[in-house]
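Chemist: Next one to model:
(one chain, ligands or ions: 1)
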Amino acid sequence: MSQTPAAPSSKPFLRALGGEAVWPPPVWLMRQAGRYLPEYRATRADAGGFLDLCYTPDFAVEVTLQPLRRYNFDAAILFSDILVVPHALGQHVAFKQGEGPVLDALKDEADLAKLDTGRVLDHMRPVLETVAGLSKAIPETTALIGFAGAPWTVATYMIEGGGSKDFATTKAWAYGRPDLFARLIDTLVTATGDYLIAQIDAGAEAIQIFDTWAGALPEADFMRWVVDPIGRIAARIRSERPGVPVIGFPRGAGVLYPTFVRETGVVGVSLDTSVPCDWAVEAVQPLAVTQGNLDPIHLVAGGDAQDAATDHILRTLCGKNPHIFNLGHGIVPQTPPENVARLMERIRNAARPVEA
Ligand SMILES: Cc1c2[nH]c(c1CCC(=O)O)Cc1[nH]c(c(CCC(=O)O)c1C)Cc1[nH]c(c(CCC(=O)O)c1C)Cc1[nH]c(c(C)c1CCC(=O)O)C2
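Modeler: A predicted model of the protein is given here:
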């Protein structure tokens, strides 16, 4: 029996992930829902705590839609956080205003043994309800992105008990007790895979896996703790939910970006701000659909410098090869919303570069 090929999507973001050099390039911004928007701050105040916002579908749907209303982005990203996975596994997680996340740090084997993958999907019910609500609420041409943190980055928060400058405790586990650390990573691969498959079943059309701290590891450990776990999650999605594109974000991977793409099999890869665009055209675009990589601080500074940096990405990464316009990391709270409007206008009105 021959399979009917899927109808080409009317969603520019999904067309780009399918390999089409869409013009103007589809655009969304990492952390597009957040504190730079006054309407986000108002909803967050109504919700109470940050986790209440994540676990109350009406609020979470509302804050996901807020940046779409202003800027008509090509994709919506589920409003949640990467740290709902440790929370779902039974670890204590809190978000303190002005302090960022605080977790009860995992100290030993006994703490590891308490993590329970069996409770993840039940815990995530409200988040999955948000995904289902969003898939009905977003405009027809907007794609819905589900996401999770990568095992390595999530493990750093679980072991350090929050943010960290040098990940010294996590690295000491990874290097000194790789057997124990592998158990944590395996737990996260299972929980994250279950959670992402459930997001797809609730309506997510693409998945992004955030490995914010991938660049902290030397090569051999990058292969073992970044590439291998993300590769296993991506392979599971390919086999259990074929056709749903996965975007990896191995922030700080540098010259290992091509290796990351080849070894994980991701369809898309998000380039951080430090990746030179001309290098990415040669080294990464033949292997995957790229996304990125405007410095989020350009959206703070604004003006001609923002325009010039935007044009550089449009002229190099876009037009010839499929590319999704985005930032190289999340938008920051001090961003003036009018600079995002300026960016959108610049991208949507740009003339397609003439092919050399
Ligand atoms: C490392 C990481 C986290 N969370 C995330 C990452 C990976 C991406 C990256 O590197 O930026 C991912 C994330 N966090 C959030 C989203 C929502 C969707 C979106 O992008 O719009 C996404 C995709 C909401 C959030 N997650 C958080 C906020 C701010 C919370 C508030 O309203 O006070 C938002 C909107 C809190 C958070 N969450 C995290 C930290 C360190 C903090 C505190 C620092 C900060 O406030 O930015 C962990």
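Chemist: Tell me where this structure has strands.
Modeler: 75-77, 93-96, 100-103, 143-149, 206-211, 246-250, 268-270, 289-294, 323-327 (DSSP state E).
Chemist: Can you lay out the ones you listed as JSON lines showing mean neighbour count?
Modeler: (C-beta placed from N, C-alpha, C; glycine too.) Output for the strands of the chain, formatted as JSON lines (neighbours: other CB atoms under 10 Å):
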{"stretch": "strand 75-77", "mean neighbour count": "25"}
{"stretch": "strand 93-96", "mean neighbour count": "16"}
{"stretch": "strand 100-103", "mean neighbour count": "16"}
{"stretch": "strand 143-149", "mean neighbour count": "24"}
{"stretch": "strand 206-211", "mean neighbour count": "25"}
{"stretch": "strand 246-250", "mean neighbour count": "28"}
{"stretch": "strand 268-270", "mean neighbour count": "25"}
{"stretch": "strand 289-294", "mean neighbour count": "25"}
{"stretch": "strand 323-327", "mean neighbour count": "28"}
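Chemist: Reformat the ones you listed as CSV; add distance to residue 174 and mean pLDDT.
Modeler: CSV is the format used below for those (distance: least, CB to CB, whole Å; pLDDT from 0 to 100):
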stretch, distance to residue 174, mean pLDDT
strand 75-77, 29, 98
strand 93-96, 21, 94
strand 100-103, 18, 96
strand 143-149, 16, 98
strand 206-211, 14, 99
strand 246-250, 16, 99
strand 268-270, 23, 99
strand 289-294, 27, 98
strand 323-327, 29, 98
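Chemist: As CSV, these with distance to the ligand would be great.
Modeler: CSV is the format used below for those (distance: least, CB to the nearest ligand atom, whole Å):
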stretch, distance to the ligand
strand 75-77, 5
strand 93-96, 6
strand 100-103, 4
strand 143-149, 5
strand 206-211, 4
strand 246-250, 7
strand 268-270, 10
strand 289-294, 13
strand 323-327, 10
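Chemist: got a markdown table for those, with distance to residue 60 too?
Modeler: A markdown table is the format used below for the strands of the chain (distance: least, CB to CB, whole Å):
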| stretch | distance to residue 60 |
| --- | --- |
| strand 75-77 | 11 |
| strand 93-96 | 14 |
| strand 100-103 | 17 |
| strand 143-149 | 13 |
| strand 206-211 | 17 |
| strand 246-250 | 21 |
| strand 268-270 | 22 |
| strand 289-294 | 23 |
| strand 323-327 | 21 |
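Chemist: Quick one: residues contacting residue 264.
Modeler: 227, 230, 231, 234, 248 (CB atoms under 8 Å, 6 or more residues apart in numbering).
Chemist: Among these, which one has the most neighbours?
Modeler: Highest neighbour count within those, by other CB atoms under 10 Å: residue 248, with 31 neighbours.
Chemist: List the contacts of it.
Modeler: 150, 208-209, 211, 230, 234, 260-261, 264, 266, 268-270.
Chemist: got a list of contacts for stretch 151-168?
Modeler: Contacts of stretch 151-168 (CB under 8 Å, 6+ apart): 82-83, 85-86, 91, 100-106, 148, 169-170, 173, 181, 184-185, 188-189, 192, 210-214, 216-217, 225-226, 229-230, 233.
Chemist: Would you mark the buried spots in it?
Modeler: By neighbour count with 16 or more other CB atoms under 10 Å, stretch 151-168 contains the buried residues 151-162, 164, 167.
Chemist: Show me which of those is closest to the ligand.
Modeler: residue 153 (6.1 Å; CB to the nearest ligand atom).
Chemist: and the gap between the closest one and residue 163?
Modeler: Distance of residue 153 to residue 163, given as CB to CB, to the nearest Å: 11 Å.
Chemist: and if you look at residue 115?
Modeler: Using CB to CB, residue 115 is found at 20 Å from residue 163.
Chemist: Show me which residues of the stretch 101-250 of the chain sit near the ligand.
Modeler: 101, 147, 149, 163, 210, 212 (CB under 6 Å from any ligand atom).
Chemist: Isn't the last one up against residue 270?
Modeler: Read that as residue 212. No. Residue 212 is beyond contact range of residue 270, at 10.7 Å (criterion: CB atoms under 8 Å).
Chemist: okay, and the common contacts of the two?
Modeler: 249, 251.
Chemist: Number of residues surrounding the residue nearest to residue 287 when sequence neighbours are not counted?
Modeler: Once flanking residues are discounted, residue 287 sits nearest to residue 261: 4.5 Å by CB to CB, 6 or more residues apart in numbering. By the criterion of other CB under 10 Å, residue 261 has 24 neighbours.
Chemist: could you measure the closest residue to residue 339 other than its chain neighbours against residue 338, distance?
Modeler: Nearest residue to residue 339, sequence neighbours excluded (CB to CB, 6+ apart): residue 302, at 4.2 Å. For residue 302, the distance to residue 338 equals 8 Å [CB to CB].
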